[in-house]
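Asks: Based on what follows, work out the 3D shape:
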Amino acid sequence: MLLTVCVNGARTPEDHPALVADPATIAADAARAIAAGAGEVHVHAKRPGGRDSLRAEDVARWLRAFRAALPGVRIGLTTGAWAAGSSAERLAQVRAWEALPDLVSVNWHEEGAEEVADLLLERGVEVEAGLWSPAAARAWARSPLAQGCHRALVELPDLPAGEIRPAAEAVLVELAAAQRRPPVLLHGEERSTWTATLLALEMGLGTRIGLEDTLTLPDGTRAASNAELVERCLDFLGIDPSDMPS
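Replies: Model prediction:
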């Protein structure tokens, strides 16, 4: 089972004291999370003030820190539309990247998603298609770029427990109809986070955990770090860390 650690997301230090805008500090926590059993990292590059950024200089600065702290570990970045002013600006900023991650998430419901994905695929960067709804999954399955995507990222919103499985199945049924059935990573956020990890295990899918998705442990207490979330996630799922792929 692949477990990705999603270390910061769009959150700021106001949300959690561990979420500073210093890439070396976040990278050190990510390294501890990898040592605890996570297999790869998803990170949002930040401006010095803490807001998400797609600017080439910020992406390079964060990637340098993460490559130094995590040699040999796959590093994924967001391309979320909120990190740029418009779809044209986002495409221009991504085109200017000189330092490249191993993987990017592209949310398929966002304007200009296919252009961003196409650009990065041409540059040899793997793409995971962020699918937040059945409509997004249908659009992705019809796209000629679907064949080249590394995997589908099924993202469940903040939902009560009883709505999580139906929401996941509504997206997964669209993927089942696609010409190519890619690997799937299923995760939730806030209330849906921990139930989604159990559902992913049941379905034989990858999942992720980290301060991007939740600030709390399964018992509702506040997590101290991404490393603690990874440790508790594996315990919650009944998985021995030594059995995790490295």
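
Asks: in terms of contact count, name the helices or strands touching the helix or strand hosting I26.
Replies: I26 is located in helix 23-36, with elements delineated by DSSP states H and E. For helix 23-36, the packing partners by 3 or more Cβ pairs under 8 Å, 6 or more residues apart in numbering; DSSP states H and E come out as strand 3-6, strand 40-43, helix 56-69, helix 226-237. Backbone N, C-alpha and C define where each C-beta goes, glycine included.

Asks: residue ranges for the helices of this protein, please.
Replies: 23-36, 56-69, 87-95, 113-122, 134-142, 161-176, 193-203, 226-237 (DSSP state H).

Asks: Nearest residue to the middle of the chain?
Replies: Central residue of the chain (Cα atoms, centre = their mean): H42, 4.8 Å from the mean position.

Asks: returning to that earlier point: right, and the helices and strands packed on helix 23-36 - which one's nearest R90?
Replies: For those, proximity to R90 was assessed by Cβ to Cβ; helix 56-69 is nearest, at 12.3 Å.

Asks: Using PDB, write down the CA coordinates of the closest one.
Replies: Extracted as PDB, the C-alpha positions of helix 56-69 are listed here (Å, rounded to 0.1, in the frame of the first residue of the first chain):
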ATOM      1  CA  ALA A  56       9.800  29.300 -10.400                       C
ATOM      2  CA  GLU A  57      12.000  30.800  -7.700                       C
ATOM      3  CA  ASP A  58       9.700  29.500  -4.900                       C
ATOM      4  CA  VAL A  59       9.400  26.100  -6.500                       C
ATOM      5  CA  ALA A  60      13.200  25.800  -6.900                       C
ATOM      6  CA  ARG A  61      13.800  26.900  -3.300                       C
ATOM      7  CA  TRP A  62      11.400  24.300  -1.900                       C
ATOM      8  CA  LEU A  63      12.600  21.500  -4.100                       C
ATOM      9  CA  ARG A  64      16.200  22.200  -3.200                       C
ATOM     10  CA  ALA A  65      15.400  21.800   0.500                       C
ATOM     11  CA  PHE A  66      13.400  18.600  -0.100                       C
ATOM     12  CA  ARG A  67      16.000  17.000  -2.400                       C
ATOM     13  CA  ALA A  68      18.700  17.700   0.300                       C
ATOM     14  CA  ALA A  69      16.600  16.300   3.100                       C
END
